[in-house]
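Engineer: Got a predicted structure here, sequence first:
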Amino acid sequence: MSVASWSGSLLAWERELAALKDRLGLAVRRRELRESIGHYLDGLLSGLERKTGWLLAERAGEARPHRLQAVLGRGRWDAEAARDLVRAYAVEALADRDTVLVVDETGFIKKGEHSAGVGRQYSGTAGRIENCQIGVFLAYASRYGQALIDRRLFLPEAWAADRARRAKAGVPEEVAFATKPAIARDMIATALDARLPCAFVLADALYGSDKRLRVMLEGREQPYVLAVRGNERLMAMEGNCATRDAAEIAAALPSSAWHRHAAGEGAKGPRLYDWARVRLLRLQEPPWDHWLLVRRSLRDASDQAYYVVFAPMETTLAELAGVAGLRWTIETCFGTAKEELGLDHCEARSWDGWHRHMTLCMAALAFLARLRAELVRSAASKPNETSPAVAVAA
């Protein structure tokens, strides 16, 4: 017998998982399919090294994988409705006044050419051009943890224009080619329309350079800290107000403009950088303001990162530095979901199969995030106590 079994933690774990399965069941009509989805979720959360159909079926006590494969294939259930349920579940667990939304993509290396959206394309995960699928994801993060709350498969132009390949992979007629930034805009708007608490939206330079995303967020009065490239053209209040590259604006800053702040905690303590900001010339009105935020390495002054910021006027440089450092939370989601939950083990070739697998992996990740959040809240509510004295034999 383990300590966990008599302490009651296993029972709490099982009750929470059962509650999540019941919630996902709202998107599924047939009882048998609901049970199969439950077994699929159990398999994702298990210690199986590979989350294949055969291994998931074997773990569930099935002689053949057909019922588990139906979860991604022929079974009729609404993955978009399930996505909404997973998002609500994650928000309940993680919501806080300082939560952030983070958008990024990740790659899934594939063999062959039949899986929906697969092709020779750059994968940041691999750091090179590979035969892969690319998924755009949205993460929700707070002091209590982080989880993925949306996903969308990127469909390259060649795929979008190939009716035969689309039909074979089950790509819906209404799905047209969209750039990754356009996909991100739609996902972020959908999340904000759900009225989830969000202090800032974060993204890397691929998305931060999308002016339509920035305009959309400003129209919603939604603060953001979005990375941009050094050649992003901006108009700063300092100098002659001419449009210049972000790197050029940063190079002209005096030494007095730089201040040392942490971009969150790292494995070896606070991640310290030098930070500076410059007010941008925009048509901003109180209480809002715009800045170019610059991060500089302590070891190499030429190693800099740039961000455009839209936030309340009273926002401090220290707060912006901390917010910018939260973009790593989506990388943590990808790492956990791939290493432990089989995010990159999807065997389905179809459009629906990909989105169903990703949705169930998101559900598994949200479940783990909820357990962690409850532990963090429980620990924070307990008063400090002195450890009991250890009896020493005379």
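Structural biologist: Yes, it's here.

Engineer: ranges for the strands of this protein?
Structural biologist: 100-109, 119-123, 128-142, 145-153, 200-203, 224-228, 233-235, 243-245, 259-266, 269-279, 288-296, 304-312 (DSSP state E).

Engineer: Now the third one: buried residues?
Structural biologist: The one in question is strand 128-142. By 16 or more other CB atoms under 10 Å, the buried positions in strand 128-142 come out as 130, 132-142. Placement of C-beta: from N, CA and C, glycine included.

Engineer: what pairs with that strand, and is each one parallel or antiparallel?
Structural biologist: Here strand 128-142 is paired, per DSSP bridges, with strand 100-109 (antiparallel), strand 119-123 (antiparallel), strand 145-153 (antiparallel).

Engineer: Averaged pLDDT, that strand. What do you get?
Structural biologist: Mean pLDDT, strand 128-142: 97.

Engineer: again, but for stretch 357-369
Structural biologist: 97.

Engineer: now that stretch, how far from the centre of its chain.
Structural biologist: The chain centroid and the centroid of stretch 357-369 are separated by 12 Å under CA atoms, centre = their mean, to the nearest Å.

Engineer: do the same with stretch 369-380
Structural biologist: With CA atoms, centre = their mean as the basis, the mean position of stretch 369-380 lies at 19 Å from the chain mean.

Engineer: quick revisit: mean neighbour count added to the strands paired with strand 128-142, as TSV?
Structural biologist: What follows is the strands paired with strand 128-142, written out as TSV (neighbours: other CB atoms under 10 Å):
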stretch	mean neighbour count
strand 100-109	23
strand 119-123	16
strand 145-153	26
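
Engineer: As TSV, those strands with distance to residue 167 would be great.
Structural biologist: Below are the strands paired with strand 128-142 laid out as TSV (distance: least, CB to CB, whole Å):
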stretch	distance to residue 167
strand 100-109	22
strand 119-123	17
strand 145-153	16
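
Engineer: a markdown table please, covering the buried residues of strand 128-142 and showing distance to residue 120.
Structural biologist: Listed next are the buried residues of strand 128-142 as a markdown table, based on distance: CB to CB, whole Å:
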| residue | distance to residue 120 |
| --- | --- |
| 130 | 7 |
| 132 | 8 |
| 133 | 12 |
| 134 | 11 |
| 135 | 17 |
| 136 | 18 |
| 137 | 22 |
| 138 | 26 |
| 139 | 27 |
| 140 | 32 |
| 141 | 32 |
| 142 | 38 |
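
Engineer: how about those, which pair is most distant?
Structural biologist: Farthest pair in the buried residues of strand 128-142 (CB to CB) is 130 and 142. Separation: 33.3 Å.

Engineer: which residues of the chain score low on pLDDT?
Structural biologist: Filtered on pLDDT under 70, the chain yields the residue ranges 1-11, 239-240, 267, 382-394.

Engineer: returning to what we had before: can you tell me which of the buried residues of strand 128-142 lies nearest to residue 25?
Structural biologist: residue 140 (22.6 Å).

Engineer: Not counting its neighbours along the chain, what's nearest that closest one?
Structural biologist: residue 149 (4.8 Å; CB to CB, 6 or more residues apart in numbering).

Engineer: so how far is residue 356 from residue 77?
Structural biologist: Distance, residue 77 to residue 356, using CB to CB, to the nearest Å: 8 Å.

Engineer: More neighbours: these two, which one.
Structural biologist: Taking neighbours as other CB atoms under 10 Å, residue 77 and residue 356 compare with residue 356 leading, 24 against 21.

Engineer: if I pick that one, what's in contact with it?
Structural biologist: 71-72, 77, 79, 82, 348 (CB atoms under 8 Å, 6 or more residues apart in numbering).

Engineer: can you do 10 Å?
Structural biologist: 37, 40, 71-73, 75, 77-79, 82-83, 346, 348, 350 (CB atoms under 10 Å, 6 or more residues apart in numbering).

Engineer: Which PyMOL command selects the buried ones in those?
Structural biologist: Buried subset of the contacts of residue 356, written as a PyMOL selection, criterion 16+ other CB under 10 Å:
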select buried, resi 37+40+71+72+73+75+77+79+82+83+346+348+350
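
Engineer: So which of the contacts of residue 356 are in helices?
Structural biologist: 37, 40, 71-72, 79, 82-83 (DSSP state H).

Engineer: Can you tell me which residue sits nearest the middle of this protein?
Structural biologist: Nearest to the mean C-alpha position of the chain, by CA atoms, centre = their mean, lies residue 139 at 2.6 Å.

Engineer: And the contacts of stretch 368-379?
Structural biologist: So stretch 368-379 is contacted by 9, 12-13, 16-17, 19-20, 45, 89-90, 92-96, 140-148, 333, 336-337, 340-341, 366 (CB under 10 Å, 6+ apart).

Engineer: list the buried ones in that stretch?
Structural biologist: By neighbour count on 16+ other CB under 10 Å, the buried set for stretch 368-379 is 368-373.

Engineer: how about these in CSV, adding distance to residue 121?
Structural biologist: Below are the buried residues of stretch 368-379 laid out as CSV (distance: CB to CB, whole Å):
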residue, distance to residue 121
368, 30
369, 30
370, 34
371, 36
372, 34
373, 35
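
Engineer: Just these: which are in helices?
Structural biologist: Per DSSP H, the buried residues of stretch 368-379 map to helices at 368-373.

Engineer: Contact partners for residue 222?
Structural biologist: 101, 188-189, 192, 198-201, 216, 310-311.

Engineer: if we go to 7 Å?
Structural biologist: If you count contacts by CB atoms under 7 Å, 6 or more residues apart in numbering, residue 222 has them with 192, 198, 201.

Engineer: can you put the contacts of residue 356 in CSV and add distance to residue 248?
Structural biologist: As requested, the contacts of residue 356 are exported to CSV (distance: CB to CB, whole Å):
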residue, distance to residue 248
37, 54
40, 53
71, 53
72, 50
73, 54
75, 56
77, 53
78, 50
79, 46
82, 48
83, 42
346, 44
348, 48
350, 48
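
Engineer: now, among the contacts of residue 356, which is nearest to residue 281?
Structural biologist: residue 83 (39.9 Å).
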